[in-house]
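K.L.:
coords below, sequence missing:
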Ligand code: ADP
Ligand code: GLC
């Protein structure tokens, strides 16, 4: 069918109208259309790796076969430089609980990808995308319903709706419960990607019934109910056609009680439809030889000299001792229990007796923010605590540090270790989830490996591994540099993983 006719049909398909007279065959235009629905995406809004994935992955599909677009909320905290470029498309109203709510639809192209933005300042204003859970529960019920209602106005009918994390867990539910009855949505498949099973969007069952307007029959233990509460992510996992997570190891781990966060039974039940696809990196954004945020650019041939220039410049900026030789450990992270900071707390005094500098960039739980402030005060020439969010500073740390510490308790994938590898900063990680899948531990006998790892969640096991890395750094510099070369030569671009998503989409569409 030609594009004009298709667009005319979509125009007829008014939002909320479930009796659309458009059939699947009429819609056929050869391309496979995918719509990502998510709560954050770079460069517009980012609180963690989810935004990196949703913003970057769509760029890496084969454009002759796949048209992948993204829909996120139009938060008022998105920088004005982007908001001013968003183009108004349409608006309409939907019902949510007892309210009738405005839905604005805006559009913008960024680096060849079409982004849609759902506007409603009642829900999407404030300094951050997320607030109290009871507010977020209503906010993302609205977003899910508004997103589905907006699709017919886009001139773009997705074959697959790809949802990310609990904030969009209701999308597959609403899709099956009401939207799929309209012809426009018939045959539309859904994928649910779990970036972090820890966050599920759990709230009081009765309130969620009121907010969502979903019938009672949806709130049973095989559907949206879990442990007497309503659970958005569970809904998404139950109703999506396929479920993915962001590394193969995490896909296995979440079927066990420790990592399963109460949903391990469900993960096992859905294991035939569950797979792990490891995250990639936006190699244009994280590129040591093109990066304009760092003091001195470098390649695998020039890192020996130029990484040191970055280190000296960062030491100066942060007021640390200027020492080209000292081993610098970097940390860039949300400061939460997930990331293993209690291990660091436990051995920090011991670690600070060594010839190391530690540079931290992060925000999060007050106990960890204060812990790093305390150590920066106690060891002021060795430890630098930067308790804020800064893309610029993160790039400087990836480029300047010699090693990167990421001793996570669990880690669905992790992007920081991939960024470190790319910048020749050797990751020291705990063997869990994506860290296990992406960092190959150094083997001094076979001369293989791209970093260092330890297996048990134990502070002294971590310290032992850091000290082993110190030994290689100080006493076997040639070997260290070889590990850096291997690390920088790893390919964690999105190329390979995007192919796996393409295969999954084709399977789902039946090709
Ligand atoms: P998670 O998504 O669990 O936070 P990831 O490793 O997948 O962990 O992704 C974290 C992302 O957030 C990386 O891009 C990292 O550089 C970035 N990041 C975390 N904290 C900060 C900060 N304070 N300033 C700048 N970037 C940060
Ligand atoms: C989550 C996970 C992290 C993963 C990111 C992107 O925030 O904690 O491990 O890399 O999502 O998928």
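P.N.:
Yep, it's here. Owing to the predicted nature of the structure, the values given are computational and were not obtained by experimental measurement. Numbers count the residues shown, from 1 in each chain. Ligands and ions are numbered 1, 2, ... in the order given.
K.L.:
helix, strand, or coil at the nearest residue to residue 61 once chain neighbours are set aside?
P.N.:
Distances taken as Cβ to Cβ, 6 or more residues apart in numbering place residue 68 nearest to residue 61, at 5.0 Å, with adjacent residues excluded. Where you see a C-beta, it was placed from the backbone N, CA and C, and this is true even at glycine. Counting by DSSP: H, G, I helix; E, B strand; the rest coil, the backbone at residue 68 sits in strand.
K.L.:
burial count for residue 68?
P.N.:
Applying other Cβ atoms under 10 Å, we find 25 residues neighbouring residue 68.
K.L.:
could you list every residue that touches it?
P.N.:
33-36, 57-58, 61, 113 (Cβ atoms under 8 Å, 6 or more residues apart in numbering).
K.L.:
quick check: the two most widely separated of those residues?
P.N.:
33 and 57 (15.3 Å; Cβ to Cβ).
K.L.:
residue of this structure closest to ligand 1, please.
P.N.:
residue 49 (2.3 Å; Cβ to the nearest ligand atom).
K.L.:
surely that residue is in contact with residue 195?
P.N.:
Yes - if you go by Cβ atoms under 8 Å, residue 49 and residue 195 touch, sitting 6.9 Å apart.
K.L.:
list the contacts of residue 219.
P.N.:
By Cβ under 8 Å, 6+ apart, the residues touching residue 219 are 205, 208-209, 225, 230.
K.L.:
restricted to helices, list those residues.
P.N.:
Counting by DSSP state H, the contacts of residue 219 place 205, 208-209 in helices.
K.L.:
what is the burial count for the closest residue to ligand 2 within the stretch 151-300 of the chain?
P.N.:
Closest to ligand 2 within the stretch 151-300 of the chain is residue 195: 3.3 Å, counting by Cβ to the nearest ligand atom. Here the count is done by other Cβ under 10 Å, and residue 195 has 22 residues near it.
K.L.:
give me the sheet partners of the helix or strand hosting residue 71 and which way each runs.
P.N.:
According to DSSP states H and E, residue 71 maps onto strand 66-73. Strand 66-73 has the following strand partners under DSSP bridges: strand 32-37 (parallel), strand 113-119 (parallel).
K.L.:
got the contact list for the longest one?
P.N.:
This points to strand 113-119. With contact meaning Cβ under 8 Å, 6+ apart, strand 113-119 is reached by 41, 44, 58-59, 68-74, 86, 89, 91, 102-109, 124, 143, 146-147, 150, 154, 156.
K.L.:
if we can go back for a sec, overlap in contacts, residue 49 and residue 195.
P.N.:
residue 413.
K.L.:
what parts of the stretch 151-300 of the chain come near ligand 2?
P.N.:
Proximity of the stretch 151-300 of the chain to ligand 2, by Cβ under 6 Å from any ligand atom, involves residues 195-196, 246, 279.
K.L.:
identify the residues contacting residue 79.
P.N.:
So residue 79 contacts residue 44 (Cβ under 8 Å, 6+ apart).
K.L.:
sorry, that was for residue 196
P.N.:
Residue 196 is in contact with 50, 165, 338, 412, counting by Cβ under 8 Å, 6+ apart.
K.L.:
what secondary structure does it sit in?
P.N.:
Going by three-state DSSP: residue 196 is coil.
K.L.:
dig out what the residue nearest to residue 61 forms beta bridges with.
P.N.:
residue 34.
K.L.:
that older thread, what are the buried residues along the helix or strand just after the strand holding residue 71?
P.N.:
For strand 66-73, the following helix or strand on the C-terminal side (DSSP H and E) is helix 80-83. Buried residues in helix 80-83, counting neighbours by 16 or more other Cβ atoms under 10 Å, are found at 82-83.
K.L.:
hmm, who's touching helix 80-83?
P.N.:
So helix 80-83 is contacted by 43-44, 74, 76, 108, 110 (Cβ under 8 Å, 6+ apart).
K.L.:
what sits against residue 161?
P.N.:
34-35, 37, 148, 171-172, 175, 188-191.
K.L.:
rerun at 7 Å
P.N.:
Counting by Cβ atoms under 7 Å, 6 or more residues apart in numbering, residue 161 touches 35, 37, 171, 175, 188, 190.
K.L.:
so which of the residues you listed comes closest to residue 134?
P.N.:
residue 171 (20.3 Å).
K.L.:
looking at this, the closest one is in a helix?
P.N.:
Yes - applying three-state DSSP, one finds residue 171 inside a helix.
K.L.:
shouldn't it be in contact with residue 163?
P.N.:
Yes - contact criterion Cβ atoms under 7 Å: residue 171 and residue 163 qualify, at 4.7 Å.
K.L.:
enumerate the residues of the chain near ligand 1.
P.N.:
Residues of the chain lying close to ligand 1 by Cβ under 6 Å from any ligand atom are 48-50, 52, 332-334, 361-363, 389-391, 394, 413-416.
K.L.:
residue 413 against residue 278, yeah?
P.N.:
Yes - with contacts counted by Cβ under 7 Å, residue 413 reaches residue 278, the gap being 6.1 Å.
K.L.:
what do these two both touch?
P.N.:
Common neighbours of residue 413 and residue 278 (criterion: Cβ under 7 Å, 6+ apart): 246-247, 434.
K.L.:
mind checking which of these are in strands?
P.N.:
Counting by DSSP state E, no part of the shared contacts of residue 413 and residue 278 is found in strands.
K.L.:
mind putting these into a markdown table with pLDDT and neighbour count?
P.N.:
Below are the shared contacts of residue 413 and residue 278 laid out as a markdown table (pLDDT from 0 to 100; neighbours: other Cβ atoms under 10 Å):
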| residue | pLDDT | neighbour count |
| --- | --- | --- |
| 246 | 98 | 27 |
| 247 | 98 | 23 |
| 434 | 98 | 27 |
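K.L.:
quick revisit: ranking the ones in helices among the contacts of residue 219 by neighbours, who comes first?
P.N.:
Result: residue 208 is most packed of those (other Cβ under 10 Å), 25 neighbours.
K.L.:
hmm, residue 229 and it touching each other?
P.N.:
No - assessed by Cβ under 7 Å, residue 208 is found out of contact with residue 229, at 8.0 Å.
K.L.:
export the contacts of residue 161 to TSV and tack on neighbour count and pLDDT?
P.N.:
What follows is these, written out as TSV (neighbours: other Cβ atoms under 10 Å; pLDDT from 0 to 100):
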residue	neighbour count	pLDDT
35	27	98
37	26	98
171	30	98
175	22	96
188	21	96
190	25	98
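K.L.:
phi, psi of residue 227?
P.N.:
Taking degrees, to the nearest 10, you get phi 50, psi 50 for the backbone angles of residue 227.
K.L.:
quick check: closest non-adjacent residue to it.
P.N.:
residue 262 (6.4 Å).
K.L.:
next one: residue 373
P.N.:
Leaving aside its chain neighbours, residue 373 sits nearest to residue 385 (5.1 Å; criterion: Cβ to Cβ, 6+ apart).
K.L.:
ok, the one you found - contacts?
P.N.:
Per Cβ under 7 Å, 6+ apart, neighbours of residue 385: 360, 372-373, 375-376.
K.L.:
among those residues, which are located in strands?
P.N.:
residue 360.
K.L.:
just name the closest of the contacts of residue 385 to residue 320, please.
P.N.:
Looking across these and measuring by Cβ to Cβ, the closest to residue 320 is residue 376, at 9.9 Å.
K.L.:
neighbours around that closest one, how many?
P.N.:
Residue 376: 21 surrounding residues under other Cβ under 10 Å.
K.L.:
the one 3 residues further on too?
P.N.:
A count of nearby residues for residue 379, using other Cβ under 10 Å, gives 18.
K.L.:
repeat for residue 211
P.N.:
Neighbours of residue 211 (other Cβ under 10 Å): 24.
K.L.:
next: residue 350.
P.N.:
There are 13 residues near residue 350, going by other Cβ under 10 Å.
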